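> Coordinates for the following, if possible.
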Amino acid sequence: MNARLATVAVLVAAVLAAPPLPAATLSEKVFRKLSEIYELREADKPTEALRATDSLLRRKLSDYEQAQTLLLKVDLLLGQDRYRDAITPMEAALATGAVPEQRLDQIRYNLGQLYSQVGRYRDAIRTLEAWVRDAKDVPVNAYFVLAACHLELNALRPARRWADKGRAESDKLSYSQYQFLASIYVRQSDWSALQKLLEEAIQVFPDKVEFWRQLAQVHMERDRESQALAVLRVAYSNGLLKRGDDLVRLAQLMRLQNAPWLAANVMEDGLRRKMIEPTSRNWLLLGHSWMAAREYDRAYPPLTKAAEMTKKPRDWLRLARLYAQNAGWSGCLKSADAGLRAGPKDPGPFQLLRGICAYEEGNFKNALEAFAKARKSKKSAAEARGWIQFIENL
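Below is the predicted model:
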């Protein structure tokens, strides 16, 4: 997760109080000039306002006047999303020692956020950890910014410590904070903590499929396939699984957990609704699921599509054998012929199946021709000779 957790809105809003500034603490000329700059800002003329600010900073100013002008420059730069440029004037303002006490705490915090925003993680950690020690009221986001900065530096232990602190201090974590905590637990392979976190996240954000997906993966990491399946089935029932790979993963788990009929229905529905991509691999999964469910007639079409797409002899051979096992002699012959056209290295098994199917259809001549060809293959020779002898002895 990116360490830049601070929002621009927070940075811009918190740096300065609204004008007008108290004239008692400023010279009349500086007060008037600052008021003009505020008017330029309100008129949406940031370039002119910045130019006027830089002009004012070149004058001889008191520490307080300099601090106020520098903070105004920070405000203008943040308004243009110029975070890196805003750091120097903010540092300079703090260095004057004249920042009002009521603003000092917030500005130190904002500076730490800015460091994190521009990738100066060590500076952010130094600034924010010092600020946290002194601050009376620490927003939860500060702990997560610190954790994220440590994580960017691959310092997992302090990242975990600050993230857990943020979790403990928060009444309700945001979606991104749950995801951030999860990323730390994953990198530490702390599956037990991750499981508890994700179960909590699901209670808070039941419609966020990512948490369901991650929880299922945690169970898989812990060799709990049945629990992983239970999680995904609930997500599926709630209509959360809309990505093809999620549906395929669910179907695969269903097959592993001896629920092939359910797996086949998930695949068939996903393919029909075009949520699952009609690849050869997915057609094979559908076909094999129907086979495992002993729904052989429903297995033939997807297995045929898969074989047509892969053009691999082994897929045609598998289909031919399925037809043969279920006395589908015509389908067996067609599949075996298609496999032979695909150019297998060893045509023996295909010819053997062709001979068996021809025999079962009562075409002994074609059967003997096929067995004769199958006899030339080492793998099929013995069985082919047995069939030839059997037919000749009829």
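
> for stretch 42-49, what is the average pLDDT?
If you average the pLDDT over stretch 42-49, you get 90.

> ditto for stretch 336-354
Mean predicted confidence for stretch 336-354 is 95.

> list the contacts for residue 177?
144, 166-167, 170 (CB atoms under 8 Å, 6 or more residues apart in numbering). Any C-beta I mention is one placed from the backbone N, CA and C, and that applies to glycine too.

> Any quick ChimeraX command for the buried ones out of these?
Filtering the contacts of residue 177 down to the buried ones (16 or more other CB atoms under 10 Å) takes a single ChimeraX command:
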select :144,166,167
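
> And the residue nearest the centre of this protein?
Closest to where the C-alpha atoms of the chain average out (CA atoms, centre = their mean) is residue 210, at 7.2 Å.

> How about the secondary structure of that residue?
helix (DSSP: H, G, I helix; E, B strand; the rest coil).

> What residue, apart from its backbone neighbours, is nearest it spatially?
Nearest residue to residue 210 in three dimensions, chain neighbours excluded: residue 179, at 7.3 Å (CB to CB, 6 or more residues apart in numbering).

> Check the gap between the one you found and residue 144 for me.
The gap separating residue 179 from residue 144 is 11 Å, by CB to CB, to the nearest Å.

> Next: residue 87.
With the distance defined as CB to CB, residue 87 ends up 21 Å from residue 144.

> Could you do residue 119 as well?
Separation of residue 119 from residue 144 (CB to CB) stands at 17 Å.

> And residue 244, by the same measure?
33 Å.

> Sort out which residues of stretch 121-133 are buried, please.
121, 123-125, 127-129, 131-132.

> One more: stretch 255-262?
Taking 16+ other CB under 10 Å as the criterion, stretch 255-262 shows 255, 257, 259-262 as buried.

> Same list, those, but as JSON lines with distance to residue 276, pLDDT and secondary structure please.
Below are those laid out as JSON lines (distance: CB to CB, whole Å; pLDDT from 0 to 100; DSSP: H, G, I helix; E, B strand; the rest coil):
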{"residue": "255", "distance to residue 276": "15", "pLDDT": "95", "secondary structure": "helix"}
{"residue": "257", "distance to residue 276": "19", "pLDDT": "94", "secondary structure": "coil"}
{"residue": "259", "distance to residue 276": "18", "pLDDT": "96", "secondary structure": "coil"}
{"residue": "260", "distance to residue 276": "17", "pLDDT": "96", "secondary structure": "helix"}
{"residue": "261", "distance to residue 276": "17", "pLDDT": "97", "secondary structure": "helix"}
{"residue": "262", "distance to residue 276": "15", "pLDDT": "97", "secondary structure": "helix"}
